[in-house]
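> Here's a sequence, model it:
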Amino acid sequence: MALRFENRGSDSPWIDEVWTCTSGRVTEMTSVAAVRWGLVFHEQDGKAYASITGPETRAGTAPVPEGATFLGIDFAIGTSLRALPTPDLVDGGVVLPDATRRAFWLDGVRWETPGPDDVEALVARLVRAGVVVRDPLVAEVRRGHRPEVSPRTVERRFRAAVGLTQGAVRQIERARDASTRLAAGTPVADVVNGLDFFDEPHLIRALRRFVGRTPRQLRAGAGGAISLALDQPTTS
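So this is what the prediction gives:
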């Protein structure tokens, strides 16, 4: 066993996804580019940890603590922390101090460490306390609306809230979507056409940059542990 991910959505408009993971005999993984910031809680050898993760602009390699269990909250695009601008988290993160199995510190307050079914309640408390905030303009843009402000203002506010440009977000999301389709057995040509890549070499370059895999590796489930929940095809 390497990494075993389970993901679920959320009915909270502040949360994009909740995930859990168990690490087996693996010491490192391919860390895939990501457009959201998050909170991650993990336990290893009886000790608890909590951290803030930021958006990642390209694939890389990250260490994995063996025999650890993880719970992650990926926050919706446009949300951010009051005390820590998202641009400061890009390609990085922050380890939160004095975390235990029961509680963790964030924005000067001690909060109860959530379980998988307690995430929405925690986030609701963080929102009520003003610890997690959001720019409604970003959500409006993501829904395809055109705000009554200049494109320059939209881009400035988008980058301030998300840490990335709109173009970078689209590229990363498209590469991740392509990875999921390829791992599920979708033919390369269908992925190219379905996601509007210019051609197969364009797809390959995007996957190498943002996912750290080739189409062949994704379809074969090869390349080692990866920070994506990928469903492999049942037939070749």
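> can you pull the contacts of residue 65?
Shown in contact with residue 65 (CB atoms under 8 Å, 6 or more residues apart in numbering): 23, 42, 44. Where you see a C-beta, it was placed from the backbone N, CA and C, and this is true even at glycine.
> Check the gap between the last one and residue 82 for me.
In this structure, residue 44 lies at 30 Å from residue 82, with CB to CB, to the nearest Å as the measure.
> before we move on, what about residue 95?
19 Å.
> Show me the contact partners of the longest helix that the chain contains.
Longest helix in the chain, counting residues (DSSP state H): helix 166-183. By CB under 8 Å, 6+ apart, the residues outside helix 166-183 that reach it are 32-35, 57, 77, 141, 155, 158, 162, 164, 188, 190-191, 194-197, 203, 206-207, 209-211, 213, 215, 218-219, 221, 228, 230-233.
> Now do the buried residues in that helix.
166, 168-169, 171-176, 178-179, 181-183 (16 or more other CB atoms under 10 Å).
> Specify which member of the residues you listed is nearest to residue 114.
residue 176 (25.1 Å; CB to CB).
> can you map out the helices along this structure?
Using DSSP H, helices in the chain cover 119-128, 136-142, 151-162, 166-183, 188-194, 200-210, 215-220.
> Flag every buried residue along the first one.
By neighbour count on 16+ other CB under 10 Å, the buried set for helix 119-128 is 119-120, 122-123, 126-127.
> Same question for the fifth one.
Counting neighbours by 16+ other CB under 10 Å, one finds that the buried residues in helix 188-194 are 188, 191-192.
> could you say what helices and strands it packs with?
If you count contacts as 3 or more CB pairs under 8 Å, 6 or more residues apart in numbering; DSSP states H and E, helix 188-194 packs onto helix 166-183, helix 200-210, helix 215-220.
> What are the structural domain limits within the protein?
By the assignment in automatic domain parsing, the chain contains the domains 3-133, 166-220.
> end-to-end on the last one?
By CA to CA, to the nearest Å, the extent of domain 166-220 from end to end equals 31 Å.
> cool, and stretch 176-191?
Across stretch 176-191, first to last residue, CA to CA, it's 11 Å.
> Distance from stretch 127-141 to the middle of the chain?
18 Å (CA atoms, centre = their mean, to the nearest Å).
> was I right about residue 135 contacting residue 77?
No - using CB atoms under 8 Å as the test, residue 135 is too far from residue 77 to be in contact (9.9 Å).
> what's the overlap in contacts for these two?
Going by CB under 8 Å, 6+ apart, residues that sit against residue 135 and also against residue 77 are residue 161.
> Between those two, tell me which one has more neighbours.
residue 77 (25 against 17; other CB atoms under 10 Å).
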